[in-house]
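S.K.: Okay, sequence plus prediction incoming.
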Amino acid sequence: MSQPPDLLPFEGDWASYEDRIYEAFLDSFVRVGVQFRGMRVSAQFRPETRGKGYSFWHTISEAPDRNNRNEDDRIPDLRRCERIRWIRWVIENAGNDGFLWWENQRQGNTHVVIWAKAHDFAVVLAKRSDYYVLKTAYAELRSHRRATFEAEWTAFWESQNG
């Protein structure tokens, strides 16, 4: 299994760190033309939050609670932030040893989850007709999410293999 890119640790100044990880996101994901299963994976830029694209905010932060959909209230997660360059790595390794992927349904949409299980990092893509959109990422998953992922992966592949 290939090793993930180096972490980008927080060094105490949030404003400069935010700019640094956003640039890393653009360089490692947006500007390189990532593909999953032969289709491009794009980032969503609207609506912006603090001048940074929508997909970026969803990969580095989480809502304060399940019912809060206000983008300005999202809370940065340093574990996700420092792994920002892992997004491309996970997508490009989907299907390799240690990387599980499957489709699921959320709110009437088809999503693809790609999980680097040994590194406890997952990327979620929203499936469109001829491309994917980066939806979010998770780092250091909680036990209930790991259990959900295991069950979804098993169910998806059992349904594919008849």
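M.R.: Here it is on my side, so go on. Residues are numbered from 1 along each chain as shown.
S.K.: Let me know the pLDDT of G162.
M.R.: We have a pLDDT of 67 for G162.
S.K.: By mean pLDDT, point me to the weakest helix or strand of the protein.
M.R.: strand 61-62 (a mean of 89; mean pLDDT, DSSP states H and E).
S.K.: just checking, what packs against whichever helix or strand comes after that strand?
M.R.: Next helix or strand after strand 61-62 toward the C-terminus (DSSP states H and E): strand 75-76. Using 3 or more C-beta pairs under 8 Å, 6 or more residues apart in numbering; DSSP states H and E, the elements in contact with strand 75-76 are strand 61-62. (Each C-beta comes from the backbone N, C-alpha and C, glycine too.)
S.K.: Quick check: can you name the pairing partners of the strand it packs on and their directions?
M.R.: strand 75-76 (antiparallel) (DSSP bridges).
S.K.: May I have the next helix or strand after the strand it pairs with as CSV, with CA atoms only?
M.R.: Following strand 75-76 in sequence order, the next helix or strand is helix 78-82 (DSSP H and E). As requested, the backbone C-alpha atoms of helix 78-82 are provided in CSV (Å, rounded to 0.1, in the frame of the first residue of the first chain):
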residue,chain,number,x,y,z
LEU,A,78,-7.6,19.9,12.6
ARG,A,79,-7.4,16.2,11.8
ARG,A,80,-9.1,16.8,8.5
CYS,A,81,-7.1,20.0,7.8
GLU,A,82,-3.7,18.4,8.2
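S.K.: switch to numbering from 15
M.R.: That works, and once the first residue is 15, the last one we named lands at helix 92-96.
S.K.: quick one: buried residues of helix 92-96?
M.R.: 94-96 (16 or more other C-beta atoms under 10 Å).
S.K.: right, and the helix or strand after it?
M.R.: helix 100-107.
S.K.: Now whichever helix or strand comes after that next one: buried residues?
M.R.: Heading C-terminal from helix 100-107, the first helix or strand you meet, by DSSP H and E, is strand 113-120. By neighbour count with 16+ other C-beta under 10 Å, strand 113-120 contains the buried residues 113-116, 118.
S.K.: Check those residues against R142 and report the nearest one.
M.R.: N118 (15.5 Å; C-beta to C-beta).
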